[in-house]
Every structure is written in C-alpha cells, then in structure tokens.
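Participant: got a predicted model here, sequence first, then my questions.
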Amino acid sequence: MIDWINEKPTIRDAACEKGVDPAFIMAIRQTENGGPGIEFGVEPPRKYNYDDQLRLCVARVAHRLETFQPT
C-alpha cells in the first residue's frame, strides 16, 4: 500500500523542481507500485533507494517531455 501522506509532498517537490506535473509522477508510482527499491519501476543494474527511484523517474519524464517530437 502506498503511503500517499508521506510520499505526495516528496513527489510534488521533486516534480516541480524539474517542471513536471506531480500528478504524472504519482500516476507512474501508482501504476508501477513496486516494493522497496523499485517503487517507480526503475530496475537495477545497481541498487536504488526511494529517492534515487524518484529522481530517475522525474528526470526521465522531464527529458521525454522536452524532446518529444509529435509526428
């Protein structure tokens, strides 16, 4: 079960820092719903903690949004 009371502010801060809609990141978190170390679906090659997972998720989403070229 996701602890939204604690996670929501952390996700909001990380997303806003990169100009990403926090609801988008929360939707990824809800969909992936991974256990410890894979909360946002980021798989190893190395071990990740929650903060690493969140930063990688937000950075990837921000990058994709910046580089998206509609066809």
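Facilitator: Received, thanks.

Participant: state which helix of this protein is the longest.
Facilitator: Selection of the longest helix in the chain by residue count, based on DSSP state H, yields helix 50-67.

Participant: got the buried residues for it?
Facilitator: Of the residues in helix 50-67, those buried by neighbour count under the rule 16 or more other Cβ atoms under 10 Å are 53-55, 57-58, 61-62. Backbone N, C-alpha and C define where each C-beta goes, glycine included.

Participant: now do the contacts for the residue most central in space within the chain.
Facilitator: The central residue of the chain, meaning the one whose C-alpha is nearest the mean C-alpha position (Cα atoms, centre = their mean), is residue 57 at 3.6 Å. When the contact criterion is Cβ atoms under 8 Å, 6 or more residues apart in numbering, the partners of residue 57 are 25, 28-29, 40-42.

Participant: re the thing from before, let me see the mean pLDDT of the longest helix of the chain.
Facilitator: Helix 50-67 carries an average pLDDT of 94.

Participant: how far out from the middle of the chain is it?
Facilitator: Remark: helix 50-67 is offset 6 Å from the chain centroid, using Cα atoms, centre = their mean, to the nearest Å.
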